[in-house]
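# just to be clear, the model below is a prediction. Sequence and coordinates:
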Amino acid sequence: MKPVFEWVRVTQISSVAERTFVIAFKEPKSAAALEPGQFCMISPYPGSSNVYLPRPFSYFRVSANDTIEILFRTFGRATRWMASLTPGDRIGVFGPLGNAFNQHPGAERVILAGGGIGIPPIILLAESLSRLANPPRIDLIYGEASGSRVVDLAKVVPPRVCCQITTEDGKIGVKGLVTEELSRILDTCKTPPAVYTCGPRAMMAAVAGMLTPGKVALFETACEENMACGRGICQGCVIPVKGEEDATRYVCCCTEGPVFNGFEVKWD
Amino acid sequence: MKPVFEWVRVTQISSVAERTFVIAFKEPKSAAALEPGQFCMISPYPGSSNVYLPRPFSYFRVSANDTIEILFRTFGRATRWMASLTPGDRIGVFGPLGNAFNQHPGAERVILAGGGIGIPPIILLAESLSRLANPPRIDLIYGEASGSRVVDLAKVVPPRVCCQITTEDGKIGVKGLVTEELSRILDTCKTPPAVYTCGPRAMMAAVAGMLTPGKVALFETACEENMACGRGICQGCVIPVKGEEDATRYVCCCTEGPVFNGFEVKWD
Amino acid sequence: MGLNQTVRCMGLSFQNPVLVASGTFGYGDECYDIMPFSSLGGLVTKTITAARREGNPPPRIVETDAGMLNSIGLANVGLECFLAEKLPWIAQHAGLAKVIVNIAGFSVDEFVEVGAAVGSRPEVDALEINLGCPNVRAGYIHFGADPESVRRVISGVRKKVNLPVIAKLTPNVTDIASLAEVAIDAGADALSLINTLPGMKIDVAERRPVLGMGFGGLSGPAIRPVGVACVYKVCQHMQRMDAQVPIIGIGGISCGTDALEYILAGASLVQVGTASFVHPQAPGNIARELAEYCETEGIGNISDLVGLAHQH
Amino acid sequence: MGLNQTVRCMGLSFQNPVLVASGTFGYGDECYDIMPFSSLGGLVTKTITAARREGNPPPRIVETDAGMLNSIGLANVGLECFLAEKLPWIAQHAGLAKVIVNIAGFSVDEFVEVGAAVGSRPEVDALEINLGCPNVRAGYIHFGADPESVRRVISGVRKKVNLPVIAKLTPNVTDIASLAEVAIDAGADALSLINTLPGMKIDVAERRPVLGMGFGGLSGPAIRPVGVACVYKVCQHMQRMDAQVPIIGIGGISCGTDALEYILAGASLVQVGTASFVHPQAPGNIARELAEYCETEGIGNISDLVGLAHQH
Ligand SMILES: Cc1cc2nc3c(=O)[nH]c(=O)nc-3n(C[C@H](O)[C@H](O)[C@H](O)COP(=O)(O)OP(=O)(O)OC[C@H]3O[C@@H](n4cnc5c(N)ncnc54)[C@H](O)[C@@H]3O)c2cc1C
Ligand SMILES: Cc1cc2nc3c(=O)[nH]c(=O)nc-3n(C[C@H](O)[C@H](O)[C@H](O)COP(=O)(O)OP(=O)(O)OC[C@H]3O[C@@H](n4cnc5c(N)ncnc54)[C@H](O)[C@@H]3O)c2cc1C
Ligand SMILES: Cc1cc2nc3c(=O)[nH]c(=O)nc-3n(C[C@H](O)[C@H](O)[C@H](O)COP(=O)(O)O)c2cc1C
Ligand SMILES: Cc1cc2nc3c(=O)[nH]c(=O)nc-3n(C[C@H](O)[C@H](O)[C@H](O)COP(=O)(O)O)c2cc1C
Ligand code: FES
Ligand code: FES
């Protein structure tokens, strides 16, 4: 589907963890077409904020067929503005944008690793994979720095997905890092699993460091970079990837990503 | 009272005529101290709009002792933003600012002439004059270009004030201009009346052209100019007045005004 | 848009006065289905250099108050690929929109080489010469800041091509009017004003500049007053000179009223840049708003408004 | 503000790094009861010229996106009245705040005359030389745009006074670093960066410039990236020179984080201008936010942060 820009009204917004919110709006066209890993750009209705550029957010859930949910955390001007929205407020939404996760990795087991506010596309992917005709066995790791930030995913993680939470303060789930849990699960894999990850750059780099091309069926990472246009026209959102002879090539996160082969991204 | 800056919540906002609104907020300190002719600067809560500078608005009414009402009309960015406010929204209010009308003109009759959105300080003045121990006889003229813009002032004009509405399209009140009605009333004055006016520059200039210093007890006009600080520090809001030897002097509308001796302003 | 919005300028006929600015619309293909540029006055391509350029390290963009900084570093596919792949596609989809190719170089010779190659192609309606990209590592002395360089670049390209040559000036100079004069003397057929202003944002948490290259170019509504002032100033200066050329107004245009500010200040055409990022249909909306304005105000052609703000 | 926020700079001791900028705080008396400047690092007065000036015709100000234009035209009470009436009041109310008097002239001689008169007064801690007011009818070539004028004004005033002399530069030049160098060579003890950018807004309904004088100076958050870039650039340039002087960062500072951007870019002190119009207590709030930042981050003195963004 070609992306569309729509002014929509916020139908619901709720606080789900420290600095973390879910916002919902009706947008039937995208809701019907979007795929896990894709994202939309959200912008204020003219005059209703001092936010200037739109901001990218992964699709988190589709509910009631026509409603899109976004899970976000406040960092700066734009996310604080979003947190101040109330039902009925208008926002601009432009999507669906970007590529999507490869959902046919040809692996018996799939490991999903979401760190912090990297969790939304991972949840959508989990749901989509579970609905496949022959769903793989899915392990989902969700890590946060502290228990206070953990979003209760009980209602959104599909049945039969084995979900493990890690927190650095140990307040919820296993005390430790996503990578420690990943390493444990990898050890239990008899055939090369598919690994999908989204989270802080440092976490994705660490995951990349743990994996070897031959030993996994697929390794995909959803990356982030500052964006302006979201559709390949400003060249502003580039991610460094390995070019020929190990030269650095810059590719747009918004069109060639946000999902990349994790072995091709230059993490250092 | 020295002016105070407060973040207040809008308690009520309603549309009262074409493009015209009344907005109310609680601000007990100013409500107790303000005088007719004074104004406040209104600004958006940080991040809640793309309006940057505060805007000046005359006090229109004080209700329930602690509540201030502003009557405003939409023209550009700021007034459109104000029209989009809903009860509970926060705004910045800085006031009371500026001088006030002289309420002891030593005249038996007082004529108040408000044109368009110049009406708010005129109403407050009417109310204040009517509450004097020996109130003068008060004629109030309220002119608008079209009937659709006329604000229903029945509830706010004090008893015994003789109120005449003029509209250019004749849809409400007398068809014609404020100045025509003023001229008619002036003819009925046996002693020099006090004349107070606020409205479009062209209207105030026309009123000034009709009056002669010896023949009125007092002639005061509430003027408007773009403002930034509202308190005499930016020198941005100057009004040209007659200096020595008919030279032009620039004086700040925010501190030496907004009320000026109408004979001293250079209207051309 | 029932009205005739045609603007004649540089010997070309633009179906309306709204163009998309260089670097903010890619090569047209990335957004054709969302904002077909065939409905616009014209498309100005991303700056093309002789060689393909990978561009600057990220982050390349960041929001500022009512604007953004960019440090793309002239990333582009290079002359060869542009001529072979991009230009034919653009020409095929342009319809009545004019195709303006923006070029740059790191030496006068490169400007002339690229200009001659692009200018020889029949698909191209005009060349826009990017005299001031403040993002390139070569340093902060731009071609556009030095009168002698401006003269050599413009006259060099001018001699090689038969198309209109537009000099795109940078506002980062002491006196833009004198540089405009140099460009006109050297043979420029029009002036594009303005490019971005040099700016920087510091990431306070990291205690370093946000952008990978440190400095970036400021664009968006924040710079509109600067752009309008430049257009007004140059227009005023030209009125005193013999040679007069059309001005293309650029900088912070987000709506029809913004475009009118430039037109009244003296611009014959306008370009929309950053606003396309905020709303993908911005250029088309602006063209429509201008048409509606003319209709409401009973103005036969938008060109009647050019420079009217000077009459006061 | 329990912490010691003292900044030593130009041989003076500022109780905190936040000053109010010239022209945005009057002579201190108009707003002392709302924002007592005695709690700040210092006050910079409105520019003083030899003669009283009525200033430009209205409108003098207008809002722009994230900023404003002003064309006050150096309206001021004149040297005589300033020394007789304003300065004594300021000195009486300054407390620990430093008193910096901003001066200008329409000839080198006038600069020197006003500088000498003000500089001989014991109430004054430093002089700030306004080299670039783009609003005056005299035209758009400022003292600050011409290296020779900068040299003559600064060295002329420098020879007559024993106080620190601060050169306030305009960003409206091709290379601000080279002008900074000239000012330092001529004896400037510090640099204030930046003054406003030249800008214009057109009233589309009236088809004329909004401001009475047409052009105005752009200030506010819109220009912060430009100001930060200027400070960073000049600081970088000075690191390569022998002589180094402190920089005072100005332009669009509205909160503590904005001030930190300038400090990390190389400013020892900052000035708050337009933000005082948006919130009358802005300067005090910014000083408090900086103190809180230092406390939270365990920074002994704000001066430890000056220029840290250059280390990357
Ligand atoms: C393809 C894509 C999908 C995304 N999906 C989501 C999503 O589903 N939910 C979500 O909450 N965010 C998501 N983001 C990130 C989101 O776009 C940013 O958080 C947002 O742009 C921040 O804007 P801001 O103005 O609030 O903060 P800024 O003012 O831009 O940043 C303030 C500070 O916070 C830091 N910061 C900003 N964002 C992050 C972050 N995500 N992690 C760590 N530090 C950060 C910045 O470096 C800066 O120091 C996604 C980004 C991309 C590119
Ligand atoms: C002391 C003082 C008291 C005031 N009291 C009131 C009041 O009680 N109620 C009220 O509604 N307004 C009042 N105003 C005017 C009010 O401040 C302006 O309407 C407001 O600043 C407009 O801001 P804006 O951003 O909406 O319009 P802008 O973008 O500033 O202006 C948009 C266009 O509308 C025109 N315009 C703006 N205001 C007016 C106006 N009042 N009349 C005619 N044309 C105008 C401008 O010239 C411009 O062309 C007062 C002004 C002053 C100085
Ligand atoms: C992301 C981005 C990339 C740009 N790339 C170029 C470019 O390659 N060549 C050029 O001449 N101008 C380039 N510009 C400048 C624009 O064409 C335009 O002059 C400037 O952005 C001001 O207009 P605006 O405020 O409407 O964006 C770029 C601007 C942006 C924001
Ligand atoms: C209304 C106004 C008047 C000003 N007057 C002067 C002045 O007299 N002398 C001067 O050197 N700078 C003057 N300035 C410039 C400011 O001191 C400051 O350099 C500029 O506004 C940028 O800072 P800001 O963005 O914080 O306002 C003035 C600025 C404004 C907005
Ligand atoms: S955000 Fe513009 S190219 Fe990716
Ligand atoms: S508004 Fe600043 S002096 Fe009047």
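Cool, got the structure. Ligands and ions are numbered 1, 2, ... in the order given.

# tell me how far stretch C:115-127 is from the chain's mean position?
17 Å (C-alpha atoms, centre = their mean, to the nearest Å).

# can you tell me what sits against it?
With contact meaning C-beta atoms under 8 Å, 6 or more residues apart in numbering or on different chains, stretch C:115-127 is reached by C:10, C:12, C:42, C:48, C:79, C:82-83, C:87-88, C:90-91, C:94, C:98-103, C:129, C:156-157, C:160-166, C:189-190. All C-beta atoms are positioned from the backbone trio N, CA, C, and that covers glycine.

# briefly note if it comes near ligand 3.
No - judged by C-beta under 6 Å from any ligand atom, stretch C:115-127 and ligand 3 are separated, with a smallest distance of 11.7 Å.

# avg pLDDT for that stretch?
Averaged across stretch C:115-127, pLDDT comes to 97.

# residues from chain A in reach of ligand 2?
So chain A never meets ligand 2 (C-beta under 6 Å from any ligand atom).

# what segments of chain A are helices?
Applying DSSP state H to chain A gives helices spanning A:28-33, A:77-83, A:119-130, A:178-187, A:201-210.

# could you dump the ones you listed to JSON lines with distance to residue B:230 and mean pLDDT?
As requested, the helices of chain A are exported to JSON lines (distance: least, C-beta to C-beta, whole Å; pLDDT from 0 to 100):
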{"stretch": "helix A:28-33", "distance to residue B:230": "46", "mean pLDDT": "95"}
{"stretch": "helix A:77-83", "distance to residue B:230": "27", "mean pLDDT": "97"}
{"stretch": "helix A:119-130", "distance to residue B:230": "46", "mean pLDDT": "96"}
{"stretch": "helix A:178-187", "distance to residue B:230": "54", "mean pLDDT": "94"}
{"stretch": "helix A:201-210", "distance to residue B:230": "47", "mean pLDDT": "96"}
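
# please identify the deepest-packed of those.
Per-stretch averages of neighbours, counted by mean count of other C-beta atoms under 10 Å in any protein chain shown, single out helix A:119-130 among the helices of chain A, with a mean of 24.

# please name every helix or strand in contact with it.
Helices and strands touching helix A:119-130, by 3 or more C-beta pairs under 8 Å, 6 or more residues apart in numbering or on different chains; DSSP states H and E, are strand A:55-58, strand A:61-63, strand A:67-73, strand A:109-115, strand A:137-144, strand A:194-198.

# is the longest one in proximity to ligand 1?
No - Strand A:137-144 stays clear of ligand 1 (C-beta under 6 Å from any ligand atom), getting no nearer than 12.2 Å.

# ok, residues contacting that strand?
With C-beta under 8 Å, 6+ apart, strand A:137-144 has contacts from A:108-116, A:119, A:122, A:126, A:129-130, A:150, A:153, A:157, A:160-168, A:172-173, A:177-178, A:181-182, A:185, A:199, A:203.

# buried residues in that strand?
Buried residues in strand A:137-144, defined by neighbour count with 16 or more other C-beta atoms under 10 Å in any protein chain shown: A:138, A:139, A:140, A:141, A:142, A:143, A:144.

# need these in CSV (columns: pLDDT).
Conversion of the buried residues of strand A:137-144 to CSV gives the following (pLDDT from 0 to 100):
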residue, pLDDT
A:138, 95
A:139, 95
A:140, 96
A:141, 97
A:142, 97
A:143, 96
A:144, 97
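
# save those as JSON lines, and put in distance to residue B:213 too.
As requested, these are exported to JSON lines (distance: C-beta to C-beta, whole Å):
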{"residue": "A:138", "distance to residue B:213": "90"}
{"residue": "A:139", "distance to residue B:213": "91"}
{"residue": "A:140", "distance to residue B:213": "86"}
{"residue": "A:141", "distance to residue B:213": "86"}
{"residue": "A:142", "distance to residue B:213": "81"}
{"residue": "A:143", "distance to residue B:213": "82"}
{"residue": "A:144", "distance to residue B:213": "77"}
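
# tell me which parts of the stretch 101-250 of chain C are close to ligand 2?
Looking at ligand 2, no residue of the stretch 101-250 of chain C is close enough under C-beta under 6 Å from any ligand atom.

# what ranges does the stretch 101-250 of chain C have for its strands?
C:126-130, C:165-168, C:190-193, C:197-199, C:202-203, C:208-209, C:216-219, C:247-250 (DSSP state E, counting those that start in this stretch).

# the fourth one pairs with which strands, parallel or anti?
In its sheet, strand C:197-199 lies beside strand C:216-219 (antiparallel), with partners assigned from DSSP bridges.

# what about stretch C:277-291, average pLDDT?
Stretch C:277-291 comes out at a mean pLDDT of 96.

# in that stretch, what's buried?
Buried, per 16+ other C-beta under 10 Å, within stretch C:277-291: C:277-280, C:282-291.

# give me the neighbour count for residue 217.
Went with chain A since none was named. As a burial measure, residue A:217 scores 18 neighbours (other C-beta atoms under 10 Å in any protein chain shown).

# chain C was what I was after
Quick note: residue C:217 (other C-beta under 10 Å) scores 23 neighbours.
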